[in-house]
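Undergrad: A predicted structure for the sequence below; I have some questions about it.
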Amino acid sequence: MLGFSTDSKPTVIELRQAYYEAAKLCHPDVKEDDHKLDFRELKDAYEHLIKGGHVTDHISDEISLDEEKEYRRACMDVLGLKAEIVEESKQNPMFLHWLSGKTDGAQYWRNFFTAHGGLAQKLRPPAGYLASNAKHVAKASESRRRRRR
């Protein structure tokens, strides 16, 4: 779908560029009926390659501080939300389903994503102590407050 062979390991930059080019062709707002690609399948393929370790570099090496700063500013200026909330929304299946709808709100968000890198990750992972615990998921028993008797 993105033009890479099955045995190649593209860099994150190459993968993002291929994703953007393919997304321009099959995005629901500009898609011609005769195009073969489906935007959701393209997004799933991109996420599979990024999260599955099929790229050579880590994404934090590819997102510059200026790009992240611009994205954070755009999230606050256009959407009125912190960039972390927008990034978390991109991962939510219910949000992605809503985004494919025909409401004015979904159209507004799609326009924002089109202008600011699509559904690709745009924030660098946190550094330091937060990064060391990024893969730790608290068990339900760890996150509950205990009742005093």
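TA: Looks like it arrived, so ask away.
Undergrad: can you get me a residue count around residue 115?
TA: 10 (other Cβ atoms under 10 Å). Yep, even glycine has a C-beta here, placed from its N, CA and C like the rest.
Undergrad: same question for residue 50.
TA: Here the number of neighbours of residue 50 (other Cβ under 10 Å) works out to 17.
Undergrad: which residues touch it?
TA: Residue 50 makes contact with 12, 15, 59, 120-121, according to Cβ atoms under 8 Å, 6 or more residues apart in numbering.
Undergrad: end-to-end on stretch 97-109?
TA: One end of stretch 97-109 sits 13 Å from the other (Cα to Cα, to the nearest Å).
Undergrad: got the buried residues for that stretch?
TA: Neighbour-count burial for stretch 97-109, with 16 or more other Cβ atoms under 10 Å as criterion, is recorded at 99, 106, 109.
Undergrad: for the first one, which non-adjacent residue is closest in space?
TA: Leaving out its chain neighbours, the residue that sits closest to residue 99 by Cβ to Cβ, 6 or more residues apart in numbering is residue 106, at 5.3 Å.
Undergrad: so the one you found makes contact with residue 97?
TA: No: applying Cβ atoms under 8 Å as the test, residue 106 and residue 97 come out as separate, 9.8 Å apart.
Undergrad: just to revisit the earlier point, out of the buried residues of stretch 97-109, who's nearest residue 48?
TA: residue 99 (18.8 Å; Cβ to Cβ).
Undergrad: re earlier: export the contacts of residue 50 to a markdown table and tack on distance to residue 93, neighbour count and pLDDT?
TA: Shown next, in a markdown table, are those (distance: Cβ to Cβ, whole Å; neighbours: other Cβ atoms under 10 Å; pLDDT from 0 to 100):
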| residue | distance to residue 93 | neighbour count | pLDDT |
| --- | --- | --- | --- |
| 12 | 24 | 20 | 73 |
| 15 | 22 | 24 | 79 |
| 59 | 21 | 19 | 50 |
| 120 | 17 | 20 | 74 |
| 121 | 17 | 20 | 77 |
